[in-house]
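In: how would this look folded up:
(one chain, ligands or ions: 1)
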Amino acid sequence: MKFFIDTANLEQIKQAEDLGVLDGVTTNPSLMAKEGITGQENILKHYVNICNSVSGDVSAEVIAVDFEGIVKEGEALAELHPQIVVKVPMIPEGIKAIRYFSNKGIKTNCTLIFSSGQALLAAKAGATYVSPFIGRLDDISQDGIFLIEEIRHIYDNYAFETEILAASVRHPMHIINCAKVGADVMTGPLSAIIALSKHPLTDSGLEKFLADHKKGN
Ligand code: E4P
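Out: Down below sits the predicted model:
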């Protein structure tokens, strides 16, 4: 399973990259605003900075919601850097744009996926990735992991090449459960990735090994 980090924070991206387990980055307009990145020129520069900090795919989201607008914005984003994946919302105009981008060889990430029907449509349009938001589904008492499982089943039935990018991951159990049901990628905060390394028996075991080593020297 590929690990993406879901942030526009360059320091956190660097920390994840330094761990040696990072395969890419996802951003969205809220994450850019959280870092105080505003104004078109600054936003575009920031995407290039992110691309230069990692070696994998970097999702950059369009703001337009009409076909012509999405295409214009998406083409400009794709021209910024070869690692850019154009992130397009799951709306009919977005589906049309994904088909257009797919025909032109431009990678896409269809975002705001909350049902298997939406994921099926995005795959039919040729999306490179679909982003089901599992944390947001869990927030409203719907089972996010079940959605990943359902999409996996559908994509396998027809050998769709679209990758399932489990998004809105909040904690390490989300990552483990996504891995169990076969998500291709997960995107989450650095804290959830680091949390995978933690176990109290590891900590106490290491403490004892180091103390015993000290005694023997
Ligand atoms: C997906 O690409 C989104 O950026 C993200 O995962 C949304 O997560 P949130 O529900 O924590 O905002």
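In: what helices or strands is the longest helix that the chain contains leaning on?
Out: Ranked by residue count and defined by DSSP state H, the top helix of the chain is helix 200-216. Using 3 or more CB pairs under 8 Å, 6 or more residues apart in numbering; DSSP states H and E, no helix or strand is in contact with helix 200-216. Where C-beta positions appear, they are placed from N, C-alpha and C, glycine not excepted.
In: would you put the C-alpha positions of that helix in PDB?
Out: Provided in PDB are the C-alpha atoms of helix 200-216 (Å, rounded to 0.1, in the frame of the first residue of the first chain):
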ATOM      1  CA  PRO A 200       4.200   0.200  24.900                       C
ATOM      2  CA  LEU A 201       6.000  -3.200  24.900                       C
ATOM      3  CA  THR A 202       8.500  -1.800  22.300                       C
ATOM      4  CA  ASP A 203       9.200   1.200  24.600                       C
ATOM      5  CA  SER A 204       9.500  -0.900  27.800                       C
ATOM      6  CA  GLY A 205      11.500  -3.600  26.000                       C
ATOM      7  CA  LEU A 206      14.000  -1.100  24.600                       C
ATOM      8  CA  GLU A 207      14.300   0.600  28.000                       C
ATOM      9  CA  LYS A 208      15.300  -2.800  29.500                       C
ATOM     10  CA  PHE A 209      17.700  -3.700  26.700                       C
ATOM     11  CA  LEU A 210      19.500  -0.300  27.100                       C
ATOM     12  CA  ALA A 211      19.500  -0.600  31.000                       C
ATOM     13  CA  ASP A 212      21.000  -4.100  30.800                       C
ATOM     14  CA  HIS A 213      23.600  -3.000  28.300                       C
ATOM     15  CA  LYS A 214      24.600  -0.200  30.700                       C
ATOM     16  CA  LYS A 215      24.900  -2.700  33.600                       C
ATOM     17  CA  GLY A 216      27.100  -5.000  31.600                       C
END
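In: what are the buried residues along that helix?
Out: By neighbour count on 16 or more other CB atoms under 10 Å, the buried set for helix 200-216 is empty.
In: may I have the beta-bridge partners of the spatially most central residue of the chain?
Out: The residue lying closest to the centre of the chain (CA atoms, centre = their mean) is Thr187, at 3.7 Å. Per DSSP bridges, the residues bridged to Thr187 are Phe4.
In: can I assume it is in contact with Ala167?
Out: Yes. Applying CB atoms under 8 Å, one finds Thr187 in contact with Ala167, separated by 5.1 Å.
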